[in-house]
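> Please work out how this folds:
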Amino acid sequence: MKHNHYVLHIVLALACVLLIGRPQRLWSAVIPLFGQESLKRLDEFSSPANGPADSRERLAMLENAAFESNGAVNVSGVIKSGENLDLVLRGAGISAGRSLAFGKRLKKVFDPRRSRPGDKYSIWIADGQISHFSYRRSPVERYEVYWNGSDWEPERIEVPMTRTRDEVAGTLRGSLWESFQRSGADPDLIMSFIDLFSWDVDFTHESQNGDEFRVVYEKLYADGEFLGNGKILAASYRDRDETHRAIYFNSGETKGYFEDSGKSVRKSFLRAPLQFSRISSRFSYRRRHPITKKVKPHLGVDYAAPIGTPVWSVANGTVMFAGRKGQNGNMISIRHAMGYETYYLHLSRYAKGVRRGASVGQGQVIGYVGSTGMSTGPHLDYRVKKSGRWVNPIREKYKPGPPVPEGQMEEFTQWALNWTGQLDRLELGTRVAESIL
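Okay, here's the model as predicted:
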């Protein structure tokens, strides 16, 4: 038994030579895919050297051969609903005492109480003892435990990770969603692009055939397995009037998305408070009311949308009112900075926690489209006041966030020129092959 143990370690030591040479690299994007421990791993990662997948496969083969030659039996599977690690170990033939002792050692790197359905495990057992234990919670969170002859040695595995750069460009034909998909984009990238430009472009109402989009973004891999999209590095959207650009800049002191002029892409107010099908009535001082037929001012914008469509706050603020308000039906009013107030009328209901005095964030769902009060059908009547006077929500120019500091403008200008050039060189309707960053 002791001889086989030394053989095992010699084999594993030789196999580890295959895994040398993974330079550390910093990853700047964070995506909420796998939980807190996995997100920590996504903050810094290693880029694999040549042939990492093949090397890991060889290591696994050598490990398996060593354990089999040691007379060990493998039990593998996934944690099922209602199971925990202790039940799995005891079901594999491990005694209650050894299971408890093993759990205490494992706790040095991973608390067994955090096991959850879907976690994968592989256990090598010899003579009722755990020789090797492998546990995977996500592509970037894995643990190994070896029996050294007298005790278990647990460790967290540093999974090699890579970033690649991908590019998508196209022309609008039909909806933005369909046009992006034809260019090879997935839903995650489409939503990220829409969110990035939502302060300047109302894609539901303003986009039209012939508009052009270009995106350079990251794709993330762990051990050769695709995790998802990372950060958009640079993007542009050209409509009939102008070209909107967003360039990611991180100088350490300044971080965020900026126009090529250095102005922040992020504005104090979103262009629209919901995803809508059409504008059914615009801001006007002389509109014939559809019910009373009287000509009177309509000091907001009516967005037609199905009942239950989420309505979000267009900016950070404090709820001034949330309740029934006569002909306005269920209404919410919010006070914002710089003298702005926003009003959301005819709601079907309010989101949880939305009440007078509550703080809300930009993009936070505050209620749902309805047809309460004096209304001819499901829609949201959205209104904006500035310093006590009603303003047209569509035409109002909102203040952007902080720009690139003057002392960093020279650095940013060169950075922006580089990305603008790359975006402009992307051919519409083509998909550029991924390249490793």
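
> which stretches of the stretch 151-300 of the chain have low pLDDT?
204-205, 276-297 (pLDDT under 70).

> now the stretch 301-437 of the chain
In the stretch 301-437 of the chain, residues with pLDDT under 70: 429-437.

> in it, which spans are strands?
301-304, 310-312, 317-324, 330-335, 340-350, 359-360, 365-369, 379-386, 389-391, 431-436 (DSSP state E, counting those that start in this stretch).

> out of the ones you listed, nearest to residue 181?
strand 431-436 (11.8 Å; Cβ to Cβ). Yep, even glycine has a C-beta here, placed from its N, CA and C like the rest.

> surely residue 256 meets residue 262?
No - contact criterion Cβ atoms under 8 Å: residue 256 and residue 262 do not qualify, at 11.1 Å.

> tell me the domain ranges of the chain?
The chain breaks down by automatic domain parsing into domains covering 2-159, 162-267+403-436, 278-391.

> Would you map the helices across the stretch 201-350 of the chain?
Assigned by DSSP state H, counting those that start in this stretch, the helices in the stretch 201-350 of the chain fall at 203-206.

> circling back to that earlier point, pipe the domains of the chain into TSV and attach mean neighbour count and distance to residue 397 per row.
TSV is the format used below for those (neighbours: other Cβ atoms under 10 Å; distance: least, Cβ to Cβ, whole Å):
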stretch	mean neighbour count	distance to residue 397
domain 2-159	15	31
domain 162-267+403-436	17	9
domain 278-391	17	10
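
> and residue 233, what is it in contact with?
Neighbouring residues of residue 233 by Cβ atoms under 8 Å, 6 or more residues apart in numbering: 165, 216, 217, 218, 247, 248, 419.

> could you point out the longest strand in the chain?
Counting residues, the longest strand found in the chain (DSSP state E) is strand 225-238.

> ok, that strand: who's next to it in the sheet?
Strand 225-238 has its sheet partners listed here by DSSP bridges as strand 212-222 (antiparallel), strand 243-250 (antiparallel).

> Tabulate those (CSV), appending distance to residue 235.
Shown next, in CSV, are the strands paired with strand 225-238 (distance: least, Cβ to Cβ, whole Å):
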stretch, distance to residue 235
strand 212-222, 5
strand 243-250, 5
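
> Could you count how many residues lie near the closest residue to residue 198 other than its chain neighbours?
Nearest non-adjacent residue to residue 198, counting by Cβ to Cβ, 6 or more residues apart in numbering: residue 270, 5.7 Å away. Counted with other Cβ atoms under 10 Å, residues neighbouring residue 270 total 20.

> Make 34 the starting number, not 1.
Will do, 34 is the new start, and the previous item becomes residue 303.

> start to end distance for stretch 263-281?
Terminal residues of stretch 263-281 are spaced 12 Å apart (Cα to Cα, to the nearest Å).

> roughly how far is it from the heart of the chain?
19 Å (Cα atoms, centre = their mean, to the nearest Å).

> what's the answer for stretch 352-366, then?
Worked out by Cα atoms, centre = their mean, stretch 352-366 lies 33 Å from the chain centre.

> Likewise for stretch 204-214?
22 Å.

> Can I get that stretch as PDB, trimmed to CA atoms?
What follows is stretch 204-214 as a C-alpha-only set of coordinates in PDB (Å, rounded to 0.1, in the frame of the first residue of the first chain):
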ATOM      1  CA  THR A 204     -26.900  46.700 -40.500                       C
ATOM      2  CA  LEU A 205     -30.400  46.900 -39.100                       C
ATOM      3  CA  ARG A 206     -32.900  45.000 -41.100                       C
ATOM      4  CA  GLY A 207     -36.100  44.500 -39.100                       C
ATOM      5  CA  SER A 208     -35.700  44.500 -35.300                       C
ATOM      6  CA  LEU A 209     -32.400  45.200 -33.500                       C
ATOM      7  CA  TRP A 210     -32.600  41.800 -31.900                       C
ATOM      8  CA  GLU A 211     -33.000  39.900 -35.200                       C
ATOM      9  CA  SER A 212     -30.200  42.000 -36.800                       C
ATOM     10  CA  PHE A 213     -27.800  41.300 -34.000                       C
ATOM     11  CA  GLN A 214     -28.600  37.600 -34.100                       C
END
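
> Please work out which residues outside it touch it.
With contact meaning Cβ under 8 Å, 6+ apart, stretch 204-214 is reached by 201, 203, 215, 222-223, 226-227, 236, 240-246, 461-462.

> among those, which are in strands?
201, 203, 245, 246.

> Now the last one: closest residue in space, sequence neighbours ignored.
Among residues not flanking residue 246 along the chain, residue 270 sits closest, at 5.2 Å (Cβ to Cβ, 6+ apart).

> Enumerate every residue touching that neighbour.
226, 230, 234, 244, 245, 246, 276, 277.

> my guess is the third one meets residue 305, correct?
No - taking Cβ under 8 Å as the contact criterion, residue 234 and residue 305 are not neighbours in contact, 10.1 Å apart.

> sorry, back to before: same list, the strands of the stretch 334-470 of the chain, but as CSV with distance to residue 157 please.
What follows is these, written out as CSV (distance: least, Cβ to Cβ, whole Å):
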stretch, distance to residue 157
strand 334-337, 61
strand 343-345, 50
strand 350-357, 58
strand 363-368, 60
strand 373-383, 55
strand 392-393, 53
strand 398-402, 49
strand 412-419, 60
strand 422-424, 70
strand 464-469, 35
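
> and residue 111, which of the ones you listed is closest to it?
strand 464-469 (30.3 Å).

> tell me the helices in the stretch 84-233 of the chain, going along the chain?
85-102, 118-124, 129-139, 209-215, 220-230.

> The third one - contacts with which helices or strands?
Packed against helix 129-139 by the contact rule (3 or more Cβ pairs under 8 Å, 6 or more residues apart in numbering; DSSP states H and E) you find helix 118-124, strand 162-171, strand 174-180, strand 185-190.

> so which of those gets nearest residue 255?
strand 162-171 (8.2 Å).

> and the nearest residue in space to residue 169 that is not next to it in sequence, how far is that from residue 166?
Leaving aside its sequence neighbours, residue 169 sits nearest to residue 153 (Cβ to Cβ, 6+ apart; 4.3 Å). In this view, residue 153 and residue 166 are 12 Å apart by Cβ to Cβ, to the nearest Å.

> likewise residue 158?
Distance from residue 158 to residue 166, by Cβ to Cβ: 9 Å.
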